[in-house]
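Asks: Sequence below, structure please.
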Amino acid sequence: MKRCTLLTLTALFFVVGACGRKGHDYTKAVDETVVDGDARVDAEGGDASILNPVLEGDSVSDDVVGLVFNGLLRYSPKLELEGDLAKSWEVQGGGKRIVFHLRSGVKWHDGAPFTSADVAFTYQALQDPKLASPRKGPFELVEKVECPDPLTVVVAYKRPFAPALESWGLGIIPEHLLKGQDLSKADFNKHPIGTGPYRFVRWTPNQSIELAANPDYWEGKPHIQRYLLRIIPEAGSRLLELKSEGIDSISLSPDQYMHQTSGALFDKTLAKHRYLSTSTYTYLGFNLDHAPFNDKRVRMALSRAIDRQALIDGILQGLGRPCTGPYSPAMPAYNKVVKAVPYDLSAAAKLLDEAGWVPGADGIRAKAGKRLSFALLANKENPVREAVATVLQQQFKRIGVEAQPQLLAWSLLVSQYIDKKNFDVVVMGWQLGLDPDLYDIWHSSKTHPGEFNFIGYKSAQADRLLEQGRTTFDPAARTAIYRRLHALIAADEPMAFLFAPDDLFALNRRFKGLLETSTGVSWYWATRWYVPKSFQLYP
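Replies: Numbering: from 1, shown residues only. Prediction:
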């Protein structure tokens, strides 16, 4: 098998072109002894924004942070909480106290020991009023964090908090490197040091992020020695790189999945996967602090002008389902009684008439001399969202509304528009956690710049349900609360819920040790995947 000489992973795109490798057969019999070596190369359309688990709030940053840092707990492939930096724990006092027993011998990537002081420091950082962390919500009910010894953490809550254990999956940051610093400006955010299975190597903005296996990782050194995330904005270019083995895995668009991923190459070299999304949906978000979107009639009109089934059939090519509220249809909290907003152009037009928006000479509605025209933002690296923005422009025109798609790089969209609430309407998606708590996304206290409730939704009734859900431990009772929340938010129509797309991705077949579950094949890849010696591409 032909091999490439690879000096640095960041030079990968040059090496791939020089080697021209394509079409290896990874289905043939091979010695599958578990060995170390090789690299995994992924690609995203947009760059990460910040590599600090306390501050990051986008999916690209989250993927990298998850490899560099650990939380106290994590989810297993069976969707059950298990120990990560904590080897065990006890919940006491009816949920008002948690005692975590930490693993001994865990080291930060610079060799310093990990201790309970780092956990307390992470909590203190989240409480800093000057730090606009989107992650602080689950820790607001914490009364205090104590460290009776270096391997014990005692967390006391003001009152029982149902998502408490899951919240401690947040990556822990090092006290010895960050104490006394302004975390919002720390160089650490671009050069992180964690305890995770991979160490940070370099970040070349808008090109790549490179990591190397941590030889001192508590769970054992990863078999895959290096990891590279390449930033390739064009979806077609990402697919071409996948087919030439310049990258190992990508998310697929529905068109790619249906029409561009078949033949001998996908029989022997690559494999495509499709899963029912357990936590993801796409929506049209309105800035509720901006007119005219603070008028519910305008939001309702725009929502009724959307032919959701046409979006699913045309853009998703049937690979998805309608979504009616703030949960993905596969989540237990999803309220199946709530019906999707109907496609009804007559009702949409009537609502706009009632709101005082009447058609002008050019066909675009206006009110008090102002045309009903707005920028419709989306990230240009996501072909589905790009297509949604284009189709919505056409659908809104039918009711006399001018939407102007504006496609931006993901990192720019988040940092300059979303985090600063500098937008009117945006096509985005949520990837939710497994716990149904949506406090950070929908509670009225979470509307500040940099926080997750960037649309500015405020409802006293929703606040009460969110607060009640956090202090209710009975699973059936919690589900009932969140289904009421689903119905309430759906009725308020603060955004237009569109659809839940299936998870579609492709992966190089040379990787072994995959654990496939109903939710995907990515569980534990960092420590358990390997590449047989004769299949390895990178020395």
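Asks: Can you report how many residues lie near the residue lying closest to Q225 once chain neighbours are set aside?
Replies: In this structure, Q225 finds its nearest non-sequential neighbour in A213, 4.8 Å apart by Cβ to Cβ, 6 or more residues apart in numbering. Where C-beta positions appear, they are placed from N, C-alpha and C, glycine not excepted. Number of residues near A213 (other Cβ atoms under 10 Å) recorded here: 20.
Asks: Could you pull out the strands in the stretch 251-400 of the chain for me?
Replies: Assigned by DSSP state E, counting those that start in this stretch, the strands in the stretch 251-400 of the chain fall at 270-275, 280-286, 320-322, 358-359, 365-367, 370-371, 373-379.
Asks: Pull the number of nearby residues for Q181.
Replies: 12.
Asks: for R297, same thing?
Replies: Neighbours of R297 under the rule other Cβ under 10 Å: 18.
Asks: Now do the contacts for it.
Replies: Residues near R297 by Cβ atoms under 8 Å, 6 or more residues apart in numbering: L351, L352, E354, A355.
Asks: And the strands of the stretch 251-400 of the chain: which comes nearest A86?
Replies: strand 280-286 (28.2 Å; Cβ to Cβ).
Asks: What mean pLDDT does stretch 453-466 get?
Replies: Averaging pLDDT along stretch 453-466 gives 98.
Asks: Kindly report the same for stretch 170-185.
Replies: pLDDT averaged over stretch 170-185 gives 96.
Asks: So which residues make contact with stretch 326-334?
Replies: 276-281, 321-323, 325, 335, 430, 432, 436, 438, 441-442, 479, 482-483, 485-486, 489-490, 497, 500.
Asks: And the buried ones among the residues you listed, selectable in ChimeraX?
Replies: Under the burial definition 16 or more other Cβ atoms under 10 Å, those of the contacts of stretch 326-334 that qualify are selected in ChimeraX by:
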select :277,278,279,280,281,321,322,323,325,335,430,432,436,438,441,442,479,482,483,485,486,489,490,497,500
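Asks: Now intersect the contacts of stretch 326-334 with the helices, please.
Replies: Counting by DSSP state H, the contacts of stretch 326-334 place I441, W442, T479, Y482, R483, L485, H486, I489, A490 in helices.
Asks: of all the residues you listed, which two lie farthest apart?
Replies: Farthest pair in the ones in helices among the contacts of stretch 326-334, by Cβ to Cβ: I441 and T479, 17.8 Å.
Asks: and stretch 23-38, what's its mean pLDDT?
Replies: Stretch 23-38 comes out at a mean pLDDT of 89.
Asks: and which of the ones in helices among the contacts of stretch 326-334 is nearest K458?
Replies: Closest to K458, out of all of these and judged by Cβ to Cβ, is W442, at 9.4 Å.
Asks: which residues sit in contact with the closest one?
Replies: Counted by Cβ under 8 Å, 6+ apart, W442 has contacts P326, N453, Y457, S459, A462, L466, L485, I489.
Asks: Most neighbours out of these, which is it?
Replies: P326 (28 neighbours).
Asks: Would you mind measuring from that one to L465?
Replies: P326 sits 11 Å away from L465, going by Cβ to Cβ, to the nearest Å.
Asks: shared neighbours of those two, anything?
Replies: L485.
Asks: Now the terminal residues of stretch 409-425, how far apart.
Replies: Chord length of stretch 409-425, first to last residue, is 16 Å (Cα to Cα, to the nearest Å).
Asks: Give me the average confidence score over it.
Replies: 94.
Asks: and that stretch, how far out from the chain's middle?
Replies: Distance, stretch centre to chain centre, for stretch 409-425: 16 Å (Cα atoms, centre = their mean, to the nearest Å).
Asks: Now tell me what touches that stretch from outside.
Replies: Outside stretch 409-425, the residues that reach it (Cβ under 8 Å, 6+ apart) are 44-49, 57-58, 60, 206, 233, 284-287, 289-290, 293, 374-382, 403, 408, 426, 428, 449-450, 454, 456.
Asks: show me the contacts for the residue positioned nearest the centre of the chain.
Replies: Residue closest to the mean C-alpha point of the chain, counted by Cα atoms, centre = their mean, is S59 at 3.4 Å. Residues near S59 by Cβ under 8 Å, 6+ apart: Q431.
Asks: separation between it and G429?
Replies: 9 Å.
Asks: same check, this time on E381
Replies: 13 Å.
Asks: T517 now?
Replies: 22 Å.
Asks: Neighbour count: these two, which is higher?
Replies: Counted by other Cβ under 10 Å, T517 and G429 do not tie: G429 has more neighbours, with 22 against 13.
Asks: Touching, that one and Y283? I think so.
Replies: Yes: counting by Cβ atoms under 8 Å, G429 does reach Y283; the two are 6.8 Å apart.
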